[in-house]
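Asks: Pasting a predicted model and its sequence here:
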Amino acid sequence: MRIFTISIILLLIIFTPLFAKMQCPECGKIYPDKYKFCEDDGTPLEKTTDIIWRYEVGSNVISSPYVIGERVYFGSQDYYIYCLNADNSSLIWRYKTGGYVDSSPYVIEGRIYGGSGDNYIYCLSADSGNLIWRYKTGSWVFSSPFVLGGRVYIGSSGGYIYCFSSDNGSLFWKYSINIAVESYSFMICGYSWTGKGMYSSPYVYNGKVYIGSSDGYIYCFSE
């Protein structure tokens, strides 16, 4: 008898969540399906959403979009940086780099900043996509930039964090973590990856720059 009672309790614990009910926050009614809600008149309604648009590019999109002024900016592994109309996805412009663009762009004051697998950091016109300046690092730039106070901060897979002038791309300073890391490398899609990289994206606050690294540390630098 004791075993039977324990079995019943276990079955209730296991199967009760399957029959759980949910109270609609709008009308107060109880519905057995926790994934359904109500319209204003109390009619059960599936919680769904619609695709407004989608735009096909030539490869994977790892880069995160930046949306400002009814425009969407992002990079793709087809080597391009894109600018689309945010309402209807029509192409406004695209700029071809020499490698994967996994870096997420930063847009400010009419300019877009980002990195590429061709080892360059780019500054383009947000309006036209024309090149304003670019800076060649020694390795793939997967990190996404942070722009503040006329300066661009960004890391690279070669183990450097850079600080540039947002105006003309002149280098203010860079810091290397190479000495502190046991180096190893491997190839992915024809690119050389190193175990000493800064793939993290920096964040600047209160005069300090914060960034993570693949050497197992997070760093804080003076701005």
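Replies: Yes, it's here.
Asks: SS state for the closest residue to Asp102 other than its chain neighbours?
Replies: The shortest distance from Asp102 to any residue other than its chain neighbours is 4.2 Å, reached at Ile62 (CB to CB, 6 or more residues apart in numbering). From N, CA and C alone the C-beta is placed, and that goes for glycine too. Of the three states, Ile62 takes coil under DSSP: H, G, I helix; E, B strand; the rest coil.
Asks: can you offset everything so residue one is 753?
Replies: Sure, I'll start counting at 753 from here, so that last one is Ile814.
Asks: Low-confidence stretches in this structure?
Replies: Along the chain, segments meeting pLDDT under 70 span 753-800, 930-948.
Asks: per-domain residue ranges of it.
Replies: Following automatic domain parsing, the chain resolves into domains at 771-800, 862-974.
Asks: Dig out what Leu843 forms beta bridges with.
Replies: Beta-bridge partners of Leu843, counted by DSSP bridges, are Leu836.
Asks: how deep is the closest residue to Asn920 other than its chain neighbours tucked in, by neighbour count?
Replies: Distances taken as CB to CB, 6+ apart place Trp885 nearest to Asn920, at 5.9 Å, with adjacent residues excluded. Residues lying near Trp885 (other CB atoms under 10 Å) number 18.
Asks: Trp885: which element?
Replies: strand 883-888 (DSSP states H and E).
Asks: Which residues does the following helix or strand past that strand contact?
Replies: The helix or strand immediately downstream of strand 883-888 is strand 898-900, counting by DSSP H and E. Contacts to strand 898-900, defined as CB atoms under 8 Å, 6 or more residues apart in numbering, come from residues Tyr858, Ile860, Tyr865, Val904, Tyr905, Ile906, Ser918, Ser953, Pro954, Tyr955, Val956, Val961.
Asks: With stretch 820-839 instead?
Replies: Contacts of stretch 820-839 (CB under 8 Å, 6+ apart): 807, 809-819, 841-857, 859, 864, 866, 868, 870, 874, 876, 878, 881.
Asks: Buried ones in it, by neighbour count?
Replies: Neighbour counts over stretch 820-839 (16 or more other CB atoms under 10 Å) mark 823-836, 838 as buried.
Asks: What's the end-to-end length of it?
Replies: 12 Å (CA to CA, to the nearest Å).
Asks: next one: stretch 849-858
Replies: Stretch 849-858 has an end-to-end distance of 16 Å (criterion: CA to CA).
Asks: Which positions within that stretch qualify as buried?
Replies: Result for stretch 849-858 [16+ other CB under 10 Å]: buried residues Thr849, Gly851, Tyr852, Val853, Asp854, Ser855, Ser856, Pro857, Tyr858.
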